[in-house]
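Q: Okay, sequence plus prediction incoming.
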Amino acid sequence: MTTILHLDTSVRGPQSVTRSLTSRIMARFPEATVIRRDLGTGLPLIDETWVNANTTPAPERSPAQKAILAQSDELIGELRAADIVVVGLPIYNWGVPATFKAWADLVARAGETFSYQNGAPVGLLHDKRAIIAMASGGTQVGSAQDFASGYAQTLFGMLGIRKVNLVRADRTAIDAEASLAAAHAAIDTLSLAA
């Protein structure tokens, strides 16, 4: 049985293009066990207290420090449990939504999801796949103005998730019909293999 971590990051409820795309992707996996996480409602940002808790060796953490890291531990647990991560990722002002960045900061933890070997990060999450459904009003995915797709691919690669599929409905403000048709066709031909 495949387990999917379904993340939506758009703050736009039912009007969200990426939410409609991730729904269509999820419909391709009717038998999957789904872990659902709506990041559109926000996550706390890391701060000095969080960083200090994270860099304290686990056996030495106080109860307060363990509590500070509890949500991060939960999010990492969801990633570890998943075979596939499906992400709805709109492009906001050429980059990722703040909600996705907050999630990335909470799950990218040395010793938990990656380690340093010979001075470089090495991902600890293997045999996983990510499917990222992207949408934008005017930014073309893969263009010099797109700082979102490269960020997401780099993040997942650093965590050890090297198989990443991008589904894009970009430039919807210019030609929404063609953009959505291309995204739907890409979803309809996605391999279902983890």
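A: Perfect, I can see it now.
Q: Could you find the closest non-adjacent residue to Leu180?
A: Ala169 (5.3 Å; CB to CB, 6 or more residues apart in numbering). C-betas here are computed from N, CA, C, even on glycine.
Q: Roughly how far does the residue of the chain positioned farthest from its centre sit from Asp105?
A: The C-alpha centroid of the chain is most remote from Glu60, which lies 30.5 Å away (CA atoms, centre = their mean). Glu60 is 22 Å from Asp105, where distance means CB to CB, to the nearest Å.
Q: Could you do Leu69 as well?
A: 12 Å.
Q: between these two, who's got more neighbours?
A: Neighbour count, other CB atoms under 10 Å: between Leu69 and Asp105, Leu69 has more, with 19 against 16.
Q: got the contact list for the more buried one?
A: Trp50, Ala53, Asn54, Arg61 (CB atoms under 8 Å, 6 or more residues apart in numbering).
Q: Surely Asp105 is in contact with Ile46?
A: Yes. At 4.8 Å, Asp105 counts as touching Ile46 under the criterion of CB atoms under 8 Å.
Q: on that earlier part again, ok, the contacts of Leu69 vs Gly123, which is closest?
A: Each of those was scored against Gly123 by CB to CB, and Asn54 proved nearest at 17.7 Å.
Q: Report how many residues lie close to the closest one.
A: Residues near Asn54, counting by other CB under 10 Å: 19.
Q: Off-centre distance for the biggest helix by length in the chain?
A: When the chain is scanned for its longest helix (criterion: DSSP state H), the result is helix 172-188. Here helix 172-188 is found 21 Å from its chain centre; the criterion is CA atoms, centre = their mean, to the nearest Å.
Q: May I see the buried residues of that helix?
A: Under the neighbour-count criterion of 16 or more other CB atoms under 10 Å, helix 172-188 has Thr172, Ser179, Leu180, Ala183, Ala186, Ile187 buried.
Q: For the closest residue to Gly157 other than its chain neighbours, which residues are in contact?
A: Closest residue to Gly157 apart from its sequence neighbours, by CB to CB, 6+ apart: Gly123 at 6.9 Å. Contacts for Gly123 (CB under 8 Å, 6+ apart) come out as Thr113, Phe114, Gly157, Met158, Leu159, Gly160, Ile161, Arg162.
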